[in-house]
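1. sequence and computational prediction follow.
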Amino acid sequence: MAAALAAATVGEYETALSIWEPLARTGNARAQNNIGACFIDGLGVDKDLDLARRWLELSAESGDPVGRRNLATLHFKGEGVTQDYGRAAALYLAAAEDGDGPAQDMLSWMLLEGDVIPTDPVEARRWALAAADQGIASSMTRLGMIAHNALGMERDAVEAARWWRKGAEAGDADGQAMLGAACHMGAGVARDRVAAFAWLLRARAGKSALADRFFDAVRATLTPEEESAAQRRAAIPLGELP
């Protein structure tokens, strides 16, 4: 498996598949998932969503959380299968309970949005916390939204800003946009116009739609010198921020 992963990492999917296939046929659940994922994206093979589904079903039935998550995504999107949000939610839940961070994040989103399964902000927060503990930046940002909008908890501007900062520093563009807004308004953090615009510049570069809500208003408050300072700050790699 290590050799196959090394090959896949450098784009040598045919080599990886030649290792995964015999393992998958003897019941290795992660190898079955990996083959299914290759058929989803056409990596080393022709794209084939029906074959992807078959391999992912084998992986999911064998209990692989990544296989369950990837199969859930097919059901959620209706790719290669009839769209089935209930089936998707059940698979995401099974993967989440087995500790899969992206599944925890997706389940949290579904429980908060309430478009495809009933809303449950308390459970949404619980799964977002689990995903955030695994470094999932979007869940960090979601925890900020939950605190800001008082979803299943008391409104807490400081807690919201704390989580937005975690998401922002982990690279989530929406977290950067919301932290920029918080810095602009002094909500949960000290007011800092330069920091606000720097975070909004990062958020816009990251294609966050939320950045456009605040960008022009914050920019209008800055002197040319402050705007230049914000641009310099926004150019610093996230890992090198003071």
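-> Thanks, I have the structure now. Numbers count the residues shown, from 1 in each chain.

2. ok, the residue nearest to Gly101 when sequence neighbours are not counted - contacts?
-> With Cβ to Cβ, 6 or more residues apart in numbering as the criterion, Gly101 has its nearest non-adjacent residue at 3.6 Å, and that residue is Gln134. Heads up, the C-betas are built off the backbone N, CA and C, glycines and all. Neighbouring residues of Gln134 by Cβ atoms under 8 Å, 6 or more residues apart in numbering: 99, 101, 104.

3. got TSV for those residues, with secondary structure too?
-> Shown next, in TSV, are the contacts of Gln134 (DSSP: H, G, I helix; E, B strand; the rest coil):
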residue	secondary structure
Gly99	coil
Gly101	helix
Gln104	helix
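
4. Three-state assignment for the spatially most central residue of the chain, please.
-> In the chain, the residue lying closest to the centroid (Cα atoms, centre = their mean) is Ser138, at 4.5 Å. Put simply, Ser138 is helix when judged by three-state DSSP.

5. residues contacting it?
-> Contacts of Ser138 were listed using Cβ under 8 Å, 6+ apart, and they are 105, 109, 131, 167, 172, 174-175.

6. let's see 6 Å
-> Contact partners of Ser138, counting by Cβ atoms under 6 Å, 6 or more residues apart in numbering, are 105, 172.

7. same check on the one 10 residues further on?
-> With Cβ under 6 Å, 6+ apart as the criterion, the residues that contact His148 are Ala160.

8. do that again at 7 Å, thanks
-> By Cβ atoms under 7 Å, 6 or more residues apart in numbering, His148 lies in contact with 155, 157, 160.

9. and if you look at Ala128?
-> Contact analysis of Ala128 by Cβ under 7 Å, 6+ apart lists 108, 139, 142-143.

10. of those, buried ones?
-> When the contacts of Ala128 are checked for burial by 16 or more other Cβ atoms under 10 Å, the buried set is 108, 139, 142-143.

11. okay if I get these as JSON lines plus secondary structure?
-> Below are the buried ones among the contacts of Ala128 laid out as JSON lines (three-state DSSP):
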{"residue": "Ser108", "secondary structure": "helix"}
{"residue": "Ser139", "secondary structure": "helix"}
{"residue": "Arg142", "secondary structure": "helix"}
{"residue": "Leu143", "secondary structure": "helix"}
